[in-house]
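Engineer: Below are the sequence and a predicted model for it; my questions follow.
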2 protein chains.
Amino acid sequence: MNNAFNQRMLNVRLSPIVAISEEVRRRSPQFTKETGKPFILFQRGEIDYPTPKFIIDAAKNALDAGYTKYPKSGGEEVLKDAILQKLKQYNRLEGLSRNNIVCTYGGQEALQLAFTLFAGKRGAGFAPCWSCVLENFVPYSGVDFVEVPLNQDFSINVDLLEAVLKDVTFFYFNTPHNPTGKIFSEEEVRTVIDLCTRHNVFVISDEAYERIVYDGKEFFSPTSLGQENILGAFTFSKSFSMTGWRLGYLVACDPDIAKLVRLGDYTQTAGVVTFLQHAGKEALENTDAANAALSAMRTDYERRRDALFTGISAIPGVEVTRPQGGFYLFPNFSQLIPDDLDKKQRSLYIYEKLLSRGVATVYGSCFGRHFVDNIRLSFSTTPLPAIQEGIDRIHAACASEHGEG
Amino acid sequence: MNNAFNQRMLNVRLSPIVAISEEVRRRSPQFTKETGKPFILFQRGEIDYPTPKFIIDAAKNALDAGYTKYPKSGGEEVLKDAILQKLKQYNRLEGLSRNNIVCTYGGQEALQLAFTLFAGKRGAGFAPCWSCVLENFVPYSGVDFVEVPLNQDFSINVDLLEAVLKDVTFFYFNTPHNPTGKIFSEEEVRTVIDLCTRHNVFVISDEAYERIVYDGKEFFSPTSLGQENILGAFTFSKSFSMTGWRLGYLVACDPDIAKLVRLGDYTQTAGVVTFLQHAGKEALENTDAANAALSAMRTDYERRRDALFTGISAIPGVEVTRPQGGFYLFPNFSQLIPDDLDKKQRSLYIYEKLLSRGVATVYGSCFGRHFVDNIRLSFSTTPLPAIQEGIDRIHAACASEHGEG
């Protein structure tokens, strides 16, 4: 295209997940016509719970109270104070002030601004890696990004990590982890952060799924370590079913970093919609109502996780690790993929097979170069009966594969 | 600061207008204690009208209807359709489709994304120029920006403009114009756009004040020309008293440009808050309610414009052009500034003098290098009695100057 335009912008693509959803929309009517059954949608990262009423009421009250004027750059004080309180209570992070917080449009803008802060530098992150990092933040900010593969059981290869950290400016660290559902243990988090600190590497800590944890597990927040080289990105989207509200925040123990991010946010948008920030304050401060809503959602999601994990792990030839958080399963199909395929064919083989049986998933190459034999299954919008139907179809597809192979 | 960070981000500054407001907050108590009178605030670009109730109701209804899920990338279809209808009716621009529109966080994000599209290139715009362009968009996108001074009466120096256009990729064009209140005539608009087209220059057309026009004047919209080299940036902020809603849109007759801007918006924020877009649709479609609210505001602002213009133009030694739109006056004080000052002293001389008399304004150097003897007076939050008091204080300050000089 026109060479008048910024090459970095030309390199950005819409998420392949959007393209998958569009393909499903095209193929779905024919599938339903032939089989009388609906497509099973395991590809989406949306949440099927509505935003809790107390948060909607708070937004309405803020509208009535006239909070419709320009926001304060970096965030309204009432929201920042609620965030500081949340960091204290939930993340056990004390001693910060309003100058360490920047309100953003979702965790998305917090992450994009963090990547932009390192524009033109080299960074790294574990593979598999959230597709938006690879398709959007990396090309848009023009960083050079090194994928550090996790082991097949999603444990850390510490030697490999350290070798890469010697040569990068920042490390993108996501826990609970998309697409594997892994929660890095406190020991693993400390290992990663210590290595980064030792090698003067900044950490972009993406904690979007902080509250979506199962089995009564404790989540260990990297940002809770309170180090000046950590930029914590948080969102209201998953914890409060507020995906469409685009509300999030960045936490930087180094106020100079927070100031730069604030200037970036101001330049991009002039700040976050004022009355939405008042609703965000209520979401954080009304902990009884928030916990009740979250607990109901988490219980439901845990049942889905159990059903999906149990069903998929019973399929011969499929390797799968039990997710501890988030709402994704990332099984490996290596044993079921013919050896004679080239890399491109390989990466789409299971995805295509499942799609033809009315099951939408995300193929592994959306998450980088290292886990192309895996697929991601999301259970965030898939009720139990659909999960069961999906498992049956995947089972049948794999059995036919076993038979053929 | 740390050389790990993006130099472009380090170059961005908060608007000097924010710093001015902070200085006023510091000095205001002492002034009021000494004089028993309040500071007169002519520095702000805020609107003192509330958002019309029908728009607030539309936001509430959208919340109740559950429009709280992820937005569609680039904008909801209902809002895009309302924008297309508005472009047809108000801008007389036909033949566009949803692929030509991108919903953004205010005109701000539309402009920032347009500048980012030309990152690293050379651009130009008329001086005086909105401070946010100079302090934010230009450094953040890393463009090289040439200021093309208007003549003292704010007419265009066509030869100078053409000489500059031979050597740039884009031209930033703002009408109605901040800080002068000038509305470029249809003939002037056509001259600028024709020159840009002849020299293969893209136009970023900032039409934020499109509805804030006085004397029953018609505003000629550059975007209405329907050319593929024009990127039109629009906002709901001024037309509908929605500054804190951060709602706007970009119009590009070239759908490839719209697509790039959509990818930029998606990368930065994942799209505009879903239920706000439904409120924006109502603002555009309920034209009776919108026009009634706008008309009341405009009538009030026109009275303020008249009072301020009449008062300031009666001050000996002050040159002032009657604003036709927007809510700013940009008088020149050259005759009242001593000759022996250096450039820095000169640029703050009148500003400081007025500040010491309890009048907050914005000094001319905030709008580039060419109009440092001017100051900007905003009447958007200043009711008539305060305007009168402000004029009296400015008059007294200038008279003392005349006496001294």
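Structural biologist: Everything's here; your move.
Engineer: Double-check that A:Ala124 belongs to a strand.
Structural biologist: Yes. Counting by DSSP: H, G, I helix; E, B strand; the rest coil, A:Ala124 is found in a strand.
Engineer: What residues does the stretch 251-400 of chain A have near chain B?
Structural biologist: By C-beta under 8 Å from any C-beta of the partner chain, the residues of the stretch 251-400 of chain A that approach chain B are A:256, A:260, A:263-264, A:266-276. Backbone N, C-alpha and C define where each C-beta goes, glycine included.
Engineer: Now which of the residues you listed would you call buried?
Structural biologist: Of the members of these, the ones counted as buried by neighbours, 16 or more other C-beta atoms under 10 Å in any protein chain shown, are A:260, A:263-264, A:266-276.
Engineer: so how far is chain B from A:Ala292?
Structural biologist: To chain B, A:Ala292 is 18 Å away according to C-beta to the nearest C-beta, to the nearest Å.
Engineer: how many neighbours does that residue have?
Structural biologist: Here the number of neighbours of A:Ala292 (other C-beta atoms under 10 Å in any protein chain shown) works out to 13.
Engineer: Please apply the same query to A:Asn151.
Structural biologist: The tally of other residues near A:Asn151 (other C-beta under 10 Å) stands at 9.
Engineer: A:Phe327 now?
Structural biologist: Neighbours around A:Phe327, by other C-beta under 10 Å: 29.
Engineer: One more: the one 3 residues further on?
Structural biologist: Neighbour count of A:Phe330, defined by other C-beta under 10 Å: 24.
Engineer: do the same with A:Arg198
Structural biologist: 11.
Engineer: And it, how far from A:Thr191?
Structural biologist: Counting by C-beta to C-beta, to the nearest Å, the gap from A:Arg198 to A:Thr191 is 11 Å.
Engineer: picking up where we left off before, show me the two of the residues of the stretch 251-400 of chain A next to chain B that sit farthest apart.
Structural biologist: A:Asp256 and A:Phe275 (29.9 Å; C-beta to C-beta).
Engineer: The most centrally placed residue in chain A is in what secondary structure piece?
Structural biologist: The residue lying closest to the centre of chain A (C-alpha atoms, centre = their mean) is A:Asn178, at 4.9 Å. Using DSSP states H and E, A:Asn178 maps to neither a helix nor a strand.
Engineer: Distance check, the closest residue to A:Tyr172 other than its chain neighbours against A:Leu111.
Structural biologist: Nearest residue to A:Tyr172, sequence neighbours excluded (C-beta to C-beta, 6 or more residues apart in numbering or on different chains): A:Gly125, at 3.5 Å. Per C-beta to C-beta, A:Gly125 is found 11 Å from A:Leu111.
Engineer: Looking at those two, which is more packed in?
Structural biologist: Applying other C-beta under 10 Å to A:Gly125 and A:Leu111 shows that A:Leu111 carries more neighbours, namely 29 against 25.
Engineer: Sketch out the strands for chain A, chain order is fine.
Structural biologist: Listed in chain order, the strands of chain A (DSSP state E) span A:40-41, A:101-104, A:122-127, A:144-149, A:170-174, A:202-206, A:230-235, A:248-252, A:328-329, A:359-360, A:362-363, A:375-378.
Engineer: Direction included, what does the first one pair up with?
Structural biologist: In its sheet, strand A:40-41 lies beside strand A:359-360 (parallel), with partners assigned from DSSP bridges.
Engineer: and the stretch 51-200 of chain A, which of its residues are near chain B?
Structural biologist: With C-beta under 8 Å from any C-beta as the criterion, the stretch 51-200 of chain A comes near chain B at residues A:51, A:56, A:59-60, A:63-64, A:66-71, A:73, A:105-106, A:108-109, A:112, A:116-121, A:132, A:136-137, A:140-141, A:169-170.
Engineer: Can you select the buried ones among those residues for me in PyMOL?
Structural biologist: Selecting only the buried entries of those in PyMOL, with 16+ other C-beta under 10 Å as the criterion:
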select buried, chain A and resi 51+56+59+60+63+67+68+69+70+71+73+105+106+108+109+112+116+117+118+119+121+132+136+137+140+141+169+170
